[in-house]
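K.L.:
I'll drop the sequence and a predicted model, then ask my questions.
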Amino acid sequence: MGVGGVGRSRPFAYGAQVMNDIDSLRSETLGAIAAADSLDAIEAVRVAALGKQGSISALLKMLGGMSPEERQVQGPLINGLREAVSDAITARKAALESQVLEARLASERIDLSLPAPEAPRGSVHPVSQVMDELAEIFADMGFAVAEGPEIEDDWHNFSALNIPETHPARAMHDTFYMAPRPAGEAPSGPEGQRMLLRTHTSPVQIRTMTSQEPPIRIIAPGRVYRSDSDATHTPMFHQIEGLVIDRGIHLGHLKWTLETFLRAFFERDDVTLRLRPSYFPFTEPSVEVDVGYSIVNGKRVIGGSEGWMEVLGSGMVHRRVIEACGLDPDEWQGFAFGTGVDRLAMLKYGMDDLRAFFDGDVRWLAHYGFDALDVPTLSGGVGA
Ligand code: DAH
């Protein structure tokens, strides 16, 4: 849509001609603003008038070529026009936005006085479903489920995992720290440590190793927090951690465990794994694990090896981590892994916007949720 040809290049003569142009541009543009009946239309007017190539921007550019006297007269006029148009656009936009909201509220009305439905309509959230599936798969391999607090201390979340104070990985975690207590008050964490929202489920490794005797085989699903937010990151998300500590554990055990887990989870025998060398402070060596996918009808499907996508981080537990937990690394070895539960759910069930997981929109839940009575079992198929 055009605003009566604004944005055209017009040979402006200075002085009276500019004033005429200002007047007609003002009425043209304000008319177009009043006539804009959608947010797209108002955006088009804004671009045509105030955008880089816009008509008013062109006038503003002309100021530079004027004599100081001329500029003194034209400057306030042109700037006044710019302000008037910009204010009118803001006001029109606000009005259109509230119209859109009103329309949405009217169309999404829920009658709370209706009687309750005869059959319960609740469904299990995909994140809960996937966590249940993972627990079922790992229970079959002899893993117990372990837990740790979401409000964690610095030592468990970082230091004991071989991430000292100055380690760059700390910056990468975008940590939410609790406010330190004012001077004189009792310290906020053990030994005065700063408390934080755990940035990963790895501190549960430490909590388990310091409270249980090996051999250890646990998974730890749960919420984690990072100060990050866009279509693929939410400030709270879910991870699952795995830890095995025993005598004589090596990379082969890790690979078999992950392969068995991913085949059971994706319910396909042709899931192929690719282990790439990587770096995590708490494992040595560290590996990143990719699963192969193939393209079916333009969509990625797990299985095959047309392409690879990263699904988890893992490695052999670092000697220093084992030592920090009071165990002898010459006697005890192990492997660990960690991955995002939300991401696993998205991959398996084909959801593409992470934010929808946390909107609580009943329509999304009705579509992607699972029947509460259909508990995942290996014999019945973990995918429900
Ligand atoms: N804690 C890591 C993260 O949040 C994920 C991870 C990587 C966990 C490797 C592990 C591991 O246990 O061995 O990015």
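P.N.:
Nice, I can see it.
K.L.:
now the longest helix along the chain: average pLDDT?
P.N.:
Longest helix in the chain by number of residues (criterion: DSSP state H): helix 68-107. On average, the pLDDT along helix 68-107 is 91.
K.L.:
quick one: the helices in the chain?
P.N.:
With DSSP H as the criterion, the chain has helices at 16-35, 39-50, 55-62, 68-107, 126-140, 154-157, 168-172, 203-211, 251-266, 319-324, 341-349, 362-368.
K.L.:
export the ones you listed as JSON lines, with columns for distance to Tyr279.
P.N.:
Any C-beta I mention is one placed from the backbone N, CA and C, and that applies to glycine too. As requested, those are arranged in JSON lines below (distance: least, Cβ to Cβ, whole Å):
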{"stretch": "helix 16-35", "distance to Tyr279": "55"}
{"stretch": "helix 39-50", "distance to Tyr279": "45"}
{"stretch": "helix 55-62", "distance to Tyr279": "49"}
{"stretch": "helix 68-107", "distance to Tyr279": "47"}
{"stretch": "helix 126-140", "distance to Tyr279": "25"}
{"stretch": "helix 154-157", "distance to Tyr279": "18"}
{"stretch": "helix 168-172", "distance to Tyr279": "9"}
{"stretch": "helix 203-211", "distance to Tyr279": "17"}
{"stretch": "helix 251-266", "distance to Tyr279": "16"}
{"stretch": "helix 319-324", "distance to Tyr279": "14"}
{"stretch": "helix 341-349", "distance to Tyr279": "20"}
{"stretch": "helix 362-368", "distance to Tyr279": "35"}
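K.L.:
for the stretch 51-200 of the chain, which residues are neighbours of the ligand?
P.N.:
Contacts of the stretch 51-200 of the chain with the ligand, taken as Cβ under 6 Å from any ligand atom, map to His200.
K.L.:
can you name the residue of the stretch 51-200 of the chain nearest the ligand?
P.N.:
His200 (3.3 Å; Cβ to the nearest ligand atom).
K.L.:
list the contacts for that residue?
P.N.:
157, 173, 224, 239, 241, 338 (Cβ atoms under 8 Å, 6 or more residues apart in numbering).
K.L.:
with respect to pLDDT, which of these ranks lowest?
P.N.:
Minimum pLDDT across those falls on His173, with 75.
K.L.:
mind listing what's buried in the longest helix of the chain?
P.N.:
Using 16 or more other Cβ atoms under 10 Å as the test for burial, helix 68-107 gives 71, 74, 78, 81-82, 85, 88-89, 92-93, 96.
K.L.:
just the closest of these to Thr283, please.
P.N.:
Lys93 (51.5 Å; Cβ to Cβ).
K.L.:
which non-adjacent residue is nearest that closest one?
P.N.:
Ile42 (5.3 Å; Cβ to Cβ, 6 or more residues apart in numbering).
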